[in-house]
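Chemist: sequence and computational prediction follow.
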Amino acid sequence: MKMLIVHGSARKDGNSSTLANEFEIEAAQQYSVETIYLHEKKINHCTGCKQCRDLGICVFNDDMKLLINQFKEADAVCFASPVYWWGISSMLKTFLDRLYSLEIEDFKGKKFFLIVTGEDSLEGIQYQLLKEQFNAICEYTEMQFAGYLPVCADDDNPAKDNAKALSQARKLIQEM
């Protein structure tokens, strides 16, 4: 079985990536894991031209061609992102937007995990909004929302120093 971990942070050693790396340790016990660092990829923004739907081919010749195949082949997917303006990073949102070319069958049955980090306390509305958004996405695409980890972390309190959060990231896959 294949797991795709998609890092939506511009910092490879940032808080969300740190937690995704911990998640990967446990995921590798059950899955063949592939990791994508979006900040290393060239992904154009979707223009809504619908050529991908009409002709089955995107107008852009960028890294998404390979990434879409990785997504389609995965049995499970984990998105990891810092929280910006009550949502995921623009890199991860662009990746998600470009999945528009796929059919429901390409999502159906995948296990989905979400790891997000933000500076707000865990009682902050941002974490509830993200959970609701991805619950709705999973319901629409027929993926299984298998795990969610929101963590309060910033430069003064980094995830790498938060033993509880690191442990929760490793245990997230066990929640399935």
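Modeler: In hand now; what should we look at?
Chemist: can you give me the pLDDT of the spatially most central residue of the chain?
Modeler: By Cα atoms, centre = their mean, the mean C-alpha position of the chain lies nearest to F79, the distance being 1.2 Å. You'll see F79 listed with a pLDDT of 98.
Chemist: what is the host helix or strand of it packed up against?
Modeler: Using DSSP states H and E, F79 maps to strand 76-82. Contact partners of strand 76-82 among helices and strands, from 3 or more Cβ pairs under 8 Å, 6 or more residues apart in numbering; DSSP states H and E: strand 2-7, helix 15-30, helix 90-98, strand 111-118. Bear in mind the C-beta positions are built from the backbone N, C-alpha and C, glycine included.
Chemist: got the end-to-end distance for stretch 98-106?
Modeler: Start and end residues of stretch 98-106 are separated by 13 Å (Cα to Cα, to the nearest Å).
Chemist: the lowest-mean-pLDDT helix or strand in the chain: which residues count as buried?
Modeler: Lowest by mean pLDDT, DSSP states H and E among the helices and strands of the chain is helix 51-54, with a mean of 90. Of all the residues in helix 51-54, those buried under the rule 16 or more other Cβ atoms under 10 Å are C52.
Chemist: got the CA positions of it in CSV?
Modeler: Provided in CSV are the C-alpha atoms of helix 51-54 (Å, rounded to 0.1, in the frame of the first residue of the first chain):
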residue,chain,number,x,y,z
GLN,A,51,-9.2,21.8,-20.6
CYS,A,52,-8.2,19.1,-18.2
ARG,A,53,-11.9,18.0,-18.0
ASP,A,54,-12.7,18.5,-21.7
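Chemist: which residues touch it?
Modeler: Residues outside helix 51-54 that contact it (Cβ atoms under 8 Å, 6 or more residues apart in numbering) are 57-59, 100-101.
Chemist: could you identify the most distant pair in the residues you listed?
Modeler: The span of the contacts of helix 51-54, defined through Cβ to Cβ, is set by I57 and Y100 at 13.3 Å.
Chemist: so who does the closest residue to K41 other than its chain neighbours touch?
Modeler: In this structure, K41 finds its nearest non-sequential neighbour in D63, 4.1 Å apart by Cβ to Cβ, 6 or more residues apart in numbering. Neighbouring residues of D63 by Cβ under 8 Å, 6+ apart: 41-43.
Chemist: out of these, which is nearest to L149?
Modeler: L149 lies nearest to K41 out of the contacts of D63, by Cβ to Cβ, at 23.6 Å.
Chemist: isn't that closest one right up against Q70?
Modeler: No. Counting by Cβ atoms under 8 Å, K41 stays clear of Q70, with 11.1 Å between them.
Chemist: buried by neighbour count, from the contacts of helix 51-54: which ones?
Modeler: Buried members of the contacts of helix 51-54, scored by 16+ other Cβ under 10 Å, are 58, 101.
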